[in-house]
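>>> coords please:
(one chain, ligands or ions: 1)
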Amino acid sequence: MSSTETTILRALIEKENGFVSGSILARSLDMSRVAVWQHMEKMRRHGFEFEAVRARGYRLIKRPDNVYSDLIHAYLAARKLNFDLICCEEVDSTNDETARELAAGREAPFVVVATKQTRGRGRFGRAWHSEANGNLYISFAFRPKLEPARMQTFTLWMGVNLCELIANFTRTTPGLKWPNDILFEGRKAGGMLTEARIDADQIRDLVFGLGLNINSASDDWPAALNRRAISLAEHTQTPLDINKFTAALIGRVLDAYEQFISGAYSKTFAERWHQYDILRGKTIKLQRGTEIIAGTAAGIDDEGSLIVKTERGRTERFRAGEVTIEKKP
Ligand code: BTN
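Here you go, the predicted model:
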C-alpha cells in the first residue's frame, strides 16, 4: 500500500511542472487540507520545496539530493513490483545490512539504499569511498536456489543491464570492465559486489551490491581517487535526479533477476556484454592470486568467463581475476 507522501508526490510528479489542487489531494487521501500541508512540511525538512499558490494548489519545485524512499516509490508508480525498500541515512555497508536482514528472515526480494556508508566495501576487501556526496550505495537481496557456479554470470548479467539503463538514461555510452566495473573515460563510475551464502550446493541467499557515482563533483574525491573515479554528472555535465534514476534501476534489476532465474537471458547475454566491453582486443594482464597471465582480451563466453589469447598463443578462459590494461609502448 502506498504511503500518504508517495501519493502526494506521485500526484505532483504526474503534473510535471503544473499545480495540483490542495483540496483534490485532501479528498483523494481522505484527510483535511491541513493534514496534507503537514505532510508537505515534513517533506520540506528532507529537501523538497513546494510552491503554494492560492486557488491553484501546490507545485513541486525542488527534489532532495539524497535517496528518499517515498519519492522512489512515487517514480515507480506504474510498476507493480513487490519488494521492501529500506532507505538509510547512514549504514556501515548496504551489503552487510542486507545480509543481516536476510539472516533475520526478511522476505526477499528487498532493497537497501543509503545516503552514506561508513564501511563500504569493494572486491578483495577494499574500501569503497561512500560519503554523502550524491552517489548511490544500494544492495538487493534475493533467495535464488541456484547452483553457486552461476553467481559469476549473475554479476556480469547485471552489469549489462546497468549499462543499458545508464545509456538510456544519460544518452551516453558507459564501458564494462570485466568482471564488475562500470567506466566512463577510462575512469571508474561504478562497481558491483555480489555475495552469497551457500547451503548444500545451492545459493541460499544472494546480495547484489552496487556503488554508482551519480552526482559527486571531481573535487569531492580524495586525491588518491581523483584521476581514477568519475560520476555520471561529471561525465554528462548535468546533475541527475538520483531518486528517479534509483527507481528505474530498481525496476531494471528486479526484471533482470527474473530473466536470470528463468534462463531467458542466456542467448543474448554475451553479445550484449560485447557492446560495452572495453577490454576486447586490448593487451592485458590478468592477476589470479599470485599468478599473472599476459595476453589479449577476446571477449567473454556464455558463462561470463573472460577469454584471453595468451602470449603463448593459447586461448584460455578465466572465471575470476583482476585485469589491468597494458599501456601502449
Ligand atoms: C568493487 O568495485 O570493488 C565493488 C564495489 C561495490 C560497492 C558497493 S556500494 C553498495 C554495496 N555496499 C558495499 O559495502 N559495497 C557495495
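
>>> Find the closest residue to the ligand in the stretch 101-250 of the chain.
Among all residues of the stretch 101-250 of the chain, residue 191 sits closest to the ligand, at 2.1 Å; criterion: Cβ to the nearest ligand atom. For every residue, glycine as well, the C-beta is placed using N, CA and C.

>>> and that residue, bridged to which residues?
Partner residues in beta bridges with residue 191, using DSSP bridges, are residue 181, residue 211.

>>> what's the answer for residue 323, then?
The residues listed as beta-bridge partners of residue 323 by DSSP bridges are residue 286.

>>> Any idea how many residues pack against it?
If you count neighbours by other Cβ atoms under 10 Å, residue 323 ends up with 20.

>>> Would you mind listing what in the chain touches the ligand?
Counting by Cβ under 6 Å from any ligand atom, the residues of the chain lying close to the ligand are 93-95, 117, 120-123, 126, 128, 137-139, 180-181, 191-193, 209-211.

>>> Can you find the helix or strand in this protein with the smallest mean pLDDT?
The helix or strand with the lowest mean pLDDT-type score in the chain, counting by mean pLDDT, DSSP states H and E, is helix 223-226 (a mean of 85).

>>> ok, and what's touching it?
With contact meaning Cβ atoms under 8 Å, 6 or more residues apart in numbering, helix 223-226 is reached by 129, 218.

>>> got it, and stretch 39-59?
The contact list for stretch 39-59, computed with Cβ under 8 Å, 6+ apart, reads 4-5, 8-9, 12, 15, 17-25, 60-66, 68, 70.

>>> let's go with 10 Å and repeat that
For stretch 39-59, the surrounding residues in contact (Cβ atoms under 10 Å, 6 or more residues apart in numbering) are 3-5, 7-9, 11-12, 15-25, 29, 31, 36-37, 60-66, 68, 70-71.

>>> Show the buried residues in the residues of the chain next to the ligand.
Buried positions within the residues of the chain next to the ligand, assessed by neighbour count (16 or more other Cβ atoms under 10 Å), are 93-95, 117, 120-122, 128, 137-139, 180-181, 191-193, 209-211.

>>> For the stretch 101-250 of the chain, which segments are assigned as strands?
In the stretch 101-250 of the chain, the segments counted as strands under DSSP state E, counting those that start in this stretch are 110-117, 136-142, 175-177, 181-184, 187-199, 202-212.

>>> Compare those and give me the one nearest residue 245.
When these are ranked by proximity to residue 245, the top entry is strand 136-142, at 7.6 Å, counting by Cβ to Cβ.

>>> Who are the packing partners of that closest one?
Applying 3 or more Cβ pairs under 10 Å, 6 or more residues apart in numbering; DSSP states H and E, one finds that strand 136-142 contacts strand 84-91, helix 94-103, strand 110-117, strand 187-199, strand 202-212, helix 242-262.

>>> can you pull the buried residues of the fourth one?
In this case it means strand 187-199. Applying a neighbour-count criterion of 16+ other Cβ under 10 Å, the buried positions in strand 187-199 are 187, 188, 189, 190, 191, 192, 193, 194, 195, 196.

>>> Could you check the angle that strand makes with helix 94-103?
20 degrees (axes from the mean of the first three to the mean of the last three Cα atoms, to 10 degrees).

>>> re earlier: kindly present the helices and strands packed on strand 136-142 as JSON lines, with separate columns for mean pLDDT.
Supplementary listing: these in JSON lines, determined by pLDDT from 0 to 100:
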{"stretch": "strand 84-91", "mean pLDDT": "96"}
{"stretch": "helix 94-103", "mean pLDDT": "98"}
{"stretch": "strand 110-117", "mean pLDDT": "98"}
{"stretch": "strand 187-199", "mean pLDDT": "96"}
{"stretch": "strand 202-212", "mean pLDDT": "96"}
{"stretch": "helix 242-262", "mean pLDDT": "96"}
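
>>> which one of those lies closest to residue 153?
Among the helices and strands packed on strand 136-142, helix 242-262 sits nearest to residue 153 (Cβ to Cβ), with 7.8 Å.

>>> Find me the pLDDT at residue 220, would you?
Each residue has a pLDDT score; the one for residue 220 is 86.

>>> do residue 66 as well
pLDDT for residue 66: 95.

>>> Quick check: it vs residue 116, distance?
9 Å (Cβ to Cβ, to the nearest Å).

>>> More neighbours: which of the two?
With other Cβ under 10 Å as the criterion, residue 66 and residue 116 differ in neighbour count, and residue 66 comes out ahead with 19 against 16.

>>> Provide a list of residues in contact with that one.
46-47, 87, 89, 113-116, 132, 134, 215, 242-243.

>>> Next, give phi and psi for it.
With angles defined as degrees, to the nearest 10, residue 66 sits at phi -100, psi 170.
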